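>>> Any chance you can model this:
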Amino acid sequence: MGSTMRAVAYTGLDGPKDIQLIDEPVPTPAKGEVLIRVSRVGVNAADKILLDTGFNPFTGQPSTYLSGSVIPGGEVVGVREDTGQRVVALCGAGGYAEWVAVSETRVFPVPDHVDDADALTLMASGLTAWFLYEAAHIAPGESVVITGAAGALGSIAVQLGVCRGAGRVIALASTPKKRQFAQDLGAHAVTDSSADRLADRLVEANGGAPVDVVFDMVGGKVFEEARAALAPFGRIVVFGTASGDSPTLETVSLAFGSHSVTGVWLPNFVDAGLAGPALDTLFELHGRGEVRTQEGPLFDLEHAREAQDALADRNTFGKVQIDVTTR
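Numbers count the residues shown, from 1 in each chain. Okay, the predicted model is just below:
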């Protein structure tokens, strides 16, 4: 191992033009951390926030600087330097690099039958989808609405809805091609994800009845329309605000309909020790063909900004990833 590594970093305070491919010292693991030689890193909206501003959405704080730079990348797959074991890890930041040091509690072994691309998708996107269902406490036969259903996370959520006995899985997607993709994954109904009259379309997609559960990653008007379509005892699970609009909620309004709103943020579940068993189950479901992953666009470190742009354009299917090993 050399003393330096290649990494993509935000190196100043002037937005995207300060993003560079740099040489950075290989991190030294602190007590309780392991060093991972990265093979692939997942690309997320949180990485763009970190790249553009230096603010880390995983911690809610400005990122720790390494030699004056911020390295994004919250999820990686690679090999532990101490044991040679292939693992996936939730690192929060630092993944756009050849090595990253990660708390051992956030590192999980990958079985031989799961390749790197699938392991990376199942770890962050798959686990988040899994805990959406755990948070919603969906009873057999209840309906569930999934926003962003053609994305890496949403497509897994569609399949888990079928596996876990949801009565009706309703997928939201922005284009006919994406809606067909969600339907091919097993969604019982699909509809346009635009906010205009969404409440009416959700009720129609549910056979004329209000819906029981909504997984919302959009916020704004979509959240408001979803609330309008909720049945008594309905639940909304929030896991993002892709619209950039976090709506105001009058809490007393939840009483009328006995509605509830909750949230899912994956690091909480990982740090609570809940991720390992869930990930093992996802690997098993994948091995049996019950949960498939969609291969997404693949970039190298030199084209990390293009990877972020591809994700932001919202025209991709599956998990956008960066292959750290290519030069």
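>>> ok, now how distant is G240 from G220?
With the distance defined as Cβ to Cβ, to the nearest Å, G240 ends up 11 Å from G220. Yep, even glycine has a C-beta here, placed from its N, CA and C like the rest.
>>> More neighbours: the two, which one.
Taking other Cβ atoms under 10 Å, G240 and G220 do not tie; G240 has more neighbours (21 against 16).
>>> mind checking how far the more buried one is from S125?
According to Cβ to Cβ, G240 and S125 sit 12 Å apart.
>>> Repeat that for A149.
Shown here: A149 relative to S125, a distance of 12 Å by Cβ to Cβ.
>>> cool, T191 as well?
T191 sits 22 Å away from S125, taking Cβ to Cβ as the criterion.
>>> These two - which one has more neighbours?
With other Cβ under 10 Å as the criterion, T191 and S125 differ in neighbour count, and S125 comes out ahead with 25 against 20.
>>> wait, that one sits on Q159?
No. Counting by Cβ atoms under 8 Å, S125 stays clear of Q159, with 11.5 Å between them.
>>> Where does R235 sit: helix, strand or coil?
strand (DSSP: H, G, I helix; E, B strand; the rest coil).
>>> Next one, pLDDT for P109 please.
Listed pLDDT for P109 reads 98.
>>> ugh, wrong one, I meant F58
F58 carries a pLDDT score of 54 in this model.
>>> how about low-confidence regions in the stretch 1-150 of the chain?
Along the stretch 1-150 of the chain, segments meeting pLDDT under 70 span 1-2, 11-18, 47-69.
>>> Over to the stretch 201-327 of the chain?
Judged by pLDDT under 70, no stretch of the stretch 201-327 of the chain qualifies at all.
>>> Tell me which stretches of it form strands.
Residue ranges of the strands in the stretch 201-327 of the chain, as given by DSSP state E, counting those that start in this stretch, are 211-216, 230-238, 260-263, 295-300, 319-323.
>>> Please identify the most buried of the ones you listed.
Greatest average neighbour count among the strands of the stretch 201-327 of the chain goes to strand 211-216 (a mean of 26), per mean count of other Cβ atoms under 10 Å.
>>> Okay, now the sheet partners of it, with direction.
In the sheet containing strand 211-216, its partner strands are strand 143-146 (parallel), strand 230-238 (parallel), by DSSP bridges.
>>> Identify the nearest residue to V76 in space, disregarding sequence-adjacent positions?
The spatial neighbour of V76 that comes closest, neighbours along the chain excluded (Cβ to Cβ, 6 or more residues apart in numbering), is G95 at 4.3 Å.
>>> Any idea how many residues pack against the one you found?
The burial count assigned to G95 is 30, neighbours taken as other Cβ under 10 Å.
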